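**Q** I would like to see how this sequence folds:
(4 chains)
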Number of protein chains: 2
Amino acid sequence: MIKKKKRAVTIKDIAREAGVSISTVSFAFNGTAPVAQETKDRIFEVINRLNYRPNSAARGLVTRKTNNICLFTPHPTSDFFSFSGNGVFSDLMQGIGEVLDQKDYNLLISWDTVGHKAKTPKLIRLIREQAMDGVLICLPSQDSSIINELNEHNFPLVIIGGADKNTAVNTVDVDNHEISYRVTRHLLELGHKRIAFISPGQLEFLVCEDRLEGYKEAMSDAGLKLRDDYIYIGDETESSGYRAVETFLSLKEPPTAIVAGRDIQAVGVLEYTKEHNIAVPETLALVSFENSQHAEKHGITSITTNLYEIGKEGAKLLIKLLNRKKERAAQNMVIPSGLVVRTSSKPSVSEPPAPSDSTEEEVTRVRTRGRKT
Amino acid sequence: MIKKKKRAVTIKDIAREAGVSISTVSFAFNGTAPVAQETKDRIFEVINRLNYRPNSAARGLVTRKTNNICLFTPHPTSDFFSFSGNGVFSDLMQGIGEVLDQKDYNLLISWDTVGHKAKTPKLIRLIREQAMDGVLICLPSQDSSIINELNEHNFPLVIIGGADKNTAVNTVDVDNHEISYRVTRHLLELGHKRIAFISPGQLEFLVCEDRLEGYKEAMSDAGLKLRDDYIYIGDETESSGYRAVETFLSLKEPPTAIVAGRDIQAVGVLEYTKEHNIAVPETLALVSFENSQHAEKHGITSITTNLYEIGKEGAKLLIKLLNRKKERAAQNMVIPSGLVVRTSSKPSVSEPPAPSDSTEEEVTRVRTRGRKT
DNA sequence: AGTGGCATTGAAAGCACTTACATTCATCAG
DNA sequence: CTGATGAATGTAAGTGCTTTCAATGCCACT
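**A** I've put the predicted structure just below:
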């Protein structure tokens, strides 16, 4: 095989080979102008024969599009990535990837660089370099300075999983406040009064704050007063659930039910109750979030947070944004959640009965809100 | 705020504002030619004031570099992503991301598109479009047609986790064959003769094949004959481990020890033994791979497979490749593994003793092999 | 035959950079 | 004093594409 500085095939090559001008090739390839069927056939024959694909840099230079979309996440070892124990990140990514793929967008991953606070955030750098068309930010913390900056510059942006409700920005998420209200309400309806809450993580994450608030509101609405000692700030580990029950049950007035912020914590709770022979749900009822395999395996009542769906809708929304000429109001998209009642909150019969609240029947509710622009 | 079709600031703007030519700006910014300190200062003042960053498409067009590196993986819901239960993908990605970040490369993620066999693989498309400089392929299956194609075109490529030893291609991985030999050997040294093996997944994954082969070789070397009924093809689930023991123990001559292909399977094994009151390690000894949190938590003897390190080295190697002018022989980099002996393969004393075989002490061995080119 | 209209196609101007090469100007050896 | 040297800077070509606008040819219709 003869080695030459083998340049990739360009539009020029196609034009020459097909005996037409380069603009005609461009028109034919992109379908941006009418080209006689005969010439079109000839051109495509050459394109396929030579495996031509337009150089993305050259094309991007003139069209000002990169077809890259950046997924900006917290640090991969952080809380978030182990959210739900396993597979959550995969679910999200798969949802995103699926729609991006279909629309021929590329997925760029970026996260806050460790210990480089001094440097311009990588995300900002990428934007200045015009290296991507839009960004999906997932699980932002309360420090929304970056988000605000992007938003002001009017950069296409969708936030996934926990958006500050006070910012006029496009979001896709489950309504953590509402579902937390719902699971707490479920326990209340079973007659529980002393209900404790385990936060899924640090409260600076909006998911966590929202879930806590939903719990609080449900309690207040039920006329129950909130107790600080019924709130435990957990993390992404099983053992944080374990330690939480341990703490709760050592109280003078221990709770009779627990809302765990995530399934893996609920697993930790069950580990404790099993070790200490505490009857679930008779002595201690338990509900949780995510409805993951863990919940299914351990019979934990849990409410779904469909990350796959969230990713998918987030990507769709972002792409819609990119194709929009004129400004529009920011959209807050809510992915429906279904409560799946299992033995952890119900006298065990045999098999978990049908969900009281099916995911399938609900419909995505979309709320819009004004934007200053 | 006045809305204008706000073009990003270009090198031209900087040149005008600083009163120099654009080439001087380019020289100063990139340090590619000497520029008087005074002018350099003036230029950088303007650059910082206007937040200039060179347009990546324009720059890429002439330099033929994108600074994008693609991580090509199996489908995100596949076996691989849940490899090790949780966090493995994160570990790998973090390792990769860390070094890429430092060198100002961007991370592009791509995986085989579902059900689009007809379409040109996305990876090939990206390469033809010259949308990335190099690719990290992780956990390839035996179908190495894509790899061969890339390799023939001399496209910068590093394979992570399971490379076909017969292809002259750059790889970074633990030596699955060797570590499998080692864990099996460990059981043999404890006096076991009837040792069964659970494959971590379908044998088309090279990791799986390698681990199986290592087991087989250790058995053969010990003068023991291989039995088909001592081999079970598992998957990424706990229950595959459960089913595996169940199968093994129903044999006329059940094994006295098991090599589980991954920690999560070992967990499934322990679940079974616990339920059926089978003494571990007395009646059934157990070893596994990965040395994940699962292994630690359940006291499973396991051998490390440091994905973080693998990712890091893989990225480093790829970047080295990109900066190399002349061709060099392909490198096969082996990340060391350490066997951590715990109670699952040792009469339980109290706490797991010090590892018999510490990771720290080993040194990365690098093998090279000729390449045809 | 002349003319207008339409469908195709081509020529050329960017897009924002890098870089080979030319130019300038001061300095210094002869 | 002159020409050579070399550092600093500028000029312009080229990167592969899109897109505007002009040119061409063909046909029907007058």
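
**Q** quick check: the gap between residue A:9 and residue A:215.
**A** 61 Å (C-beta to C-beta, to the nearest Å). Bear in mind the C-beta positions are built from the backbone N, C-alpha and C, glycine included.

**Q** and the residue of the stretch 101-250 of chain A nearest DNA strand D?
**A** At 12.7 Å from DNA strand D, residue A:104 is the closest residue in the stretch 101-250 of chain A, using C-beta to the nearest atom of the strand.

**Q** show me where the stretch 151-300 of chain A has its helices.
**A** Secondary structure of the stretch 151-300 of chain A, counting by DSSP state H, counting those that start in this stretch: helices at A:176-189, A:206-221, A:238-249, A:263-275, A:293-298.

**Q** residue B:17 is nearest to which of those helices?
**A** Nearest to residue B:17, of all these, is helix A:206-221, at 40.8 Å by C-beta to C-beta.

**Q** who in chain A is up against DNA strand D?
**A** A:7-8, A:10-12, A:22-23, A:26-27, A:29-30, A:32-33, A:52-55, A:58-59, A:61-63 (C-beta under 7 Å from any atom of the strand).

**Q** near chain B too, which of those?
**A** By C-beta under 8 Å from any C-beta of the partner chain, the members of the residues of chain A next to DNA strand D lying near chain B are A:8, A:52-55, A:58, A:61.

**Q** and these, which is the shakiest by pLDDT?
**A** On pLDDT alone, residue A:8 ranks lowest of these, at 92.

**Q** residues in contact with the closest residue in space to that residue that isn't next to it in sequence?
**A** Leaving aside its chain neighbours, residue A:8 sits nearest to residue B:130 (6.0 Å; criterion: C-beta to C-beta, 6 or more residues apart in numbering or on different chains). By C-beta atoms under 8 Å, 6 or more residues apart in numbering or on different chains, residue B:130 lies in contact with A:8, A:55-57, B:64, B:66.

**Q** just the buried residues of the residues you listed.
**A** A:55-57, B:66 (16 or more other C-beta atoms under 10 Å in any protein chain shown).

**Q** filter those residues down to the ones in strands?
**A** Per DSSP state E, strands hold no members of the buried ones among the contacts of residue B:130.

**Q** between these, which is nearest DNA strand C?
**A** residue A:57 (9.3 Å).

**Q** contact partners for that closest one?
**A** Counted by C-beta under 8 Å, 6+ apart, residue A:57 has contacts B:56-58, B:60-61, B:66, B:130.

**Q** from those, which two are the most distant?
**A** Those two in those that are separated most widely, counting by C-beta to C-beta, are B:58 and B:130, at 14.2 Å.

**Q** of residue A:9 and residue A:215, which one has the most company?
**A** Taking other C-beta atoms under 10 Å in any protein chain shown, residue A:9 and residue A:215 do not tie; residue A:215 has more neighbours (27 against 18).

**Q** tell me who's in contact with that one.
**A** Contacts of residue A:215 (C-beta under 8 Å, 6+ apart): A:180-181, A:184, A:195, A:197, A:259.

**Q** what does the stretch 151-300 of chain A have sitting close to chain B?
**A** Counting by C-beta under 8 Å from any C-beta, no residue of the stretch 151-300 of chain A is near chain B.

**Q** and the stretch 151-300 of chain A, which residues reach DNA strand C?
**A** So the stretch 151-300 of chain A never meets DNA strand C (C-beta under 7 Å from any atom of the strand).

**Q** wait, I meant the stretch 1-150 of chain A
**A** A:19-24, A:27, A:33-36, A:38-40, A:58, A:61-62.

**Q** drop anything exposed from those residues.
**A** A:20, A:24, A:27, A:35, A:39-40, A:58, A:61.

**Q** tell me the contacts of residue A:54?
**A** A:11, A:29, B:129.

**Q** mind pulling up the phi and psi values for it?
**A** Backbone torsions of residue A:54, given as degrees, to the nearest 10, read phi -60, psi 140.

**Q** now, which of the contacts of residue A:215 sits nearest chain B?
**A** residue A:259 (22.9 Å; C-beta to the nearest C-beta).

**Q** name the nearest residue to that closest one, ignoring sequence neighbours.
**A** residue A:197 (4.8 Å).

**Q** tell me what the one you found is bridged to.
**A** In this entry, residue A:197 is beta-bridged to residue A:231, residue A:259, by DSSP bridges.

**Q** pretty sure it is touching residue A:258, no?
**A** Yes: here residue A:197 reaches residue A:258: they are 7.4 Å apart, a contact under C-beta atoms under 8 Å.

**Q** of these two, who's got more company?
**A** Set side by side, residue A:197 and residue A:258 show more neighbours around residue A:258, with 33 against 30, by other C-beta under 10 Å.

**Q** can you tell me which residues contact the more buried one?
**A** The neighbours of residue A:258, taking C-beta under 8 Å, 6+ apart as the test, are A:195-198, A:244-245, A:248, A:266, A:269, A:284-287.

**Q** residue A:332 should be in a strand, yeah?
**A** Yes: counting by DSSP: H, G, I helix; E, B strand; the rest coil, residue A:332 is found in a strand.

**Q** pretty sure it sits against residue A:171.
**A** Yes: counting by C-beta under 8 Å, residue A:171 is a contact partner of residue A:332 at 4.9 Å.

**Q** which of the contacts of residue B:130 lies closest to residue B:145?
**A** residue A:8 (20.8 Å).

**Q** for the closest one, helix, strand, or coil?
**A** coil.

**Q** phi first, then psi, for it.
**A** Per degrees, to the nearest 10, the backbone of residue A:8 is at phi -70, psi 160.

**Q** what count of nearby residues applies to residue A:321?
**A** The number of residues packed near residue A:321 is 18, by other C-beta under 10 Å.

**Q** actually residue A:341, not the one I wrote
**A** Neighbour tally, residue A:341, other C-beta under 10 Å: 20.

**Q** who touches whatever residue of the stretch 51-200 of chain A ends up closest to DNA strand C in this structure?
**A** Residue nearest to DNA strand C within the stretch 51-200 of chain A (C-beta to the nearest atom of the strand): residue A:62, separated by 3.7 Å. Shown in contact with residue A:62 (C-beta under 8 Å, 6+ apart): no residues.

**Q** that's a helix at it, yeah?
**A** Yes: Residue A:62: assigned to a helix according to three-state DSSP.

**Q** per-residue pLDDT of it, please?
**A** For residue A:62, pLDDT reads 96.

**Q** what residue ranges in the stretch 1-150 of chain A score low on pLDDT?
**A** A:1-5, A:74-88, A:113-119, A:139-144 (pLDDT under 70).

**Q** ok, back up a step: among the buried ones among the residues of the stretch 1-150 of chain A next to DNA strand C, which ones are in strands?
**A** Among those, DSSP E puts none in strands.

**Q** which of the helices of the stretch 151-300 of chain A has the lowest mean pLDDT?
**A** Looking at those, the bottom one is helix A:293-298 with a mean of 88.

**Q** chain center to it: distance?
**A** In terms of C-alpha atoms, centre = their mean, to the nearest Å, the centre of helix A:293-298 is found 21 Å from the chain centre.

**Q** for the residue in the stretch 101-250 of chain A that chain B sits nearest to, list the residues it contacts.
**A** Distances between the stretch 101-250 of chain A and chain B by C-beta to the nearest C-beta are smallest at residue A:128, namely 3.7 Å. By C-beta under 8 Å, 6+ apart, residue A:128 lies in contact with B:8, B:51-53.

**Q** one more time with 10 Å
**A** The neighbourhood of residue A:128, defined by C-beta atoms under 10 Å, 6 or more residues apart in numbering or on different chains, consists of A:120, A:153, B:8-9, B:51-56.

**Q** in what helix or strand does residue A:107 lie?
**A** strand A:106-111 (DSSP states H and E).

**Q** quick one: contacts for the nearest residue to residue A:21 once chain neighbours are set aside?
**A** Using C-beta to C-beta, 6+ apart and skipping residues adjacent in sequence, the residue nearest residue A:21 is residue A:15, 5.9 Å away. For residue A:15, the contact set (C-beta under 10 Å, 6+ apart) comprises A:21-26, A:43, A:46.
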